[in-house]
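Student: Requesting a structural model of the entry that follows:
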Amino acid sequence: MQKRVIASVYGNVQGVGLRDFTQATAEKLGIVGTVRNGDDGTVEIVGEGEGHMLKELLVTMGQYPYAHITKIDETWREAVGSHSDFRIIF
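Tutor: Residues are numbered from 1 along each chain as shown. Just a heads-up that it's a prediction; the model follows:
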């Protein structure tokens, strides 16, 4: 079943390559959506795909060695099909 996760990643997460890493990981896992830097210093993700793959994306992000992630807030919903690929929003 297709799910949607909206996540905010907190900590030292901007300027360390996390968006590129997230995009590459999402593409490998077959996830579509977006990642962008939030105005509040977070990295914000909207992803759609199989639920277990979305969970894998969040776990893998948490292990990214160049960021110091202190918290990931997640909101889960049903997928809406509004994305066809995974993109970095600048």
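
Student: can you give me the strands for the chain?
Tutor: 2-12, 32-37, 43-50, 68-78, 86-89 (DSSP state E).

Student: Can you read off the pLDDT for the closest residue to D85 other than its chain neighbours?
Tutor: Leaving out its chain neighbours, the residue that sits closest to D85 by C-beta to C-beta, 6 or more residues apart in numbering is V32, at 5.7 Å. For glycine as for every other residue, the C-beta is placed from the backbone atoms N, C-alpha and C. We note a pLDDT of 98 for V32 in this prediction.

Student: Next up, the contacts around V32.
Tutor: Contacts for V32 were tallied using C-beta atoms under 8 Å, 6 or more residues apart in numbering; they are 26, 47-49, 83-86.

Student: rewinding a little: got TSV for the strands of the chain, with distance to L57 too?
Tutor: Below are the strands of the chain laid out as TSV (distance: least, C-beta to C-beta, whole Å):
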stretch	distance to L57
strand 2-12	8
strand 32-37	9
strand 43-50	6
strand 68-78	10
strand 86-89	10
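
Student: re the thing from before, now do the residue nearest to D85 against G41, distance only.
Tutor: Separation of V32 from G41 (C-beta to C-beta, to the nearest Å) stands at 25 Å.

Student: separation between the closest residue in space to S84 that isn't next to it in sequence and T22?
Tutor: Nearest residue to S84 in three dimensions, chain neighbours excluded: V32, at 6.2 Å (C-beta to C-beta, 6+ apart). Using C-beta to C-beta, we find V32 at a distance of 13 Å from T22.

Student: same question, V5
Tutor: Counting by C-beta to C-beta, the gap from V5 to T22 is 12 Å.

Student: Which one of the two is surrounded by more residues?
Tutor: T22 (28 against 22; other C-beta atoms under 10 Å).
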